[in-house]
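> show me how the following folds:
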Amino acid sequence: MGAFNDWRWRSFTIRLNKTHLKRDWWSCQIHVPKEAYKMDFVFFNGHNVYDNNDKKDFCIPVEGGMDVFAFEDFLLEEKRRELEKLAKERAEKERQEEEQRRIEAEKAASDAERA
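Numbers count the residues shown, from 1 in each chain. Okay, the predicted model is just below:
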């Protein structure tokens with residue numbers, strides 16, 4: 001089990017496969033996202049046994065991806081987009097509620113004129 005960039009991006013759990021090499025070698029394939037600068041991982045037997053490198057976790061640097069500073073900028077931009085989307089959704093909801101109030105007020109005024 002692992003994730004990228006100090007456990008902050010795209011966590012994963014992947015089953016290891018025994019290789020055909022002599023001795024006890026295991027392997028797996030992992031998709032490394034373009035935002036990755038480091039892969040962090042521990043070994044886990046699926047139940048309750050972990051090997052976490054004496055509480056230091058295992059890690060491998062990723063070459064060709066973002067560096068730590070570009071990743072921080074990326075996270076800030078993602079957060080900005082998320083907040084912008086939420087603000088637009090909130091504004092649209094408020095607009096719809098205001099429109100509903102206007103329609104109800106017009107209907108009430110129309111009903112009052114008929115009465």
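> which residues are contacting stretch 21-28?
Contacts with stretch 21-28, where a contact means CB atoms under 8 Å, 6 or more residues apart in numbering, come from 14-19. For the C-beta atoms, the positions are set from N, CA and C on the backbone; glycine is no exception.
> out of those residues, who's nearest residue 7?
Distance from residue 7 was checked for each of those by CB to CB. The minimum falls on residue 14, at 15.4 Å.
> tell me how far that closest one lies from residue 61.
Between residue 14 and residue 61 the distance, using CB to CB, to the nearest Å, works out to 19 Å.
> show the residue spans covered by the strands in this structure.
All strands of the chain, identified by DSSP state E, fall at 2-4, 9-12, 17-18, 26-27, 38-41, 43-44, 50-51, 58-61.
> okay, now the unreliable bits of the protein?
Under the criterion pLDDT under 70, no range of the chain is flagged.
> so where do the helices sit in it?
Along the chain, the stretches classed as helices by DSSP state H are 68-114.
> hmm, back to that, looking at the strands of the chain, which is closest to residue 95?
When the strands of the chain are ranked by proximity to residue 95, the top entry is strand 9-12, at 35.2 Å, counting by CB to CB.
> okay, residue 75 and residue 59: tell me how far apart.
Counting by CB to CB, the separation of residue 75 from residue 59 is 19 Å.
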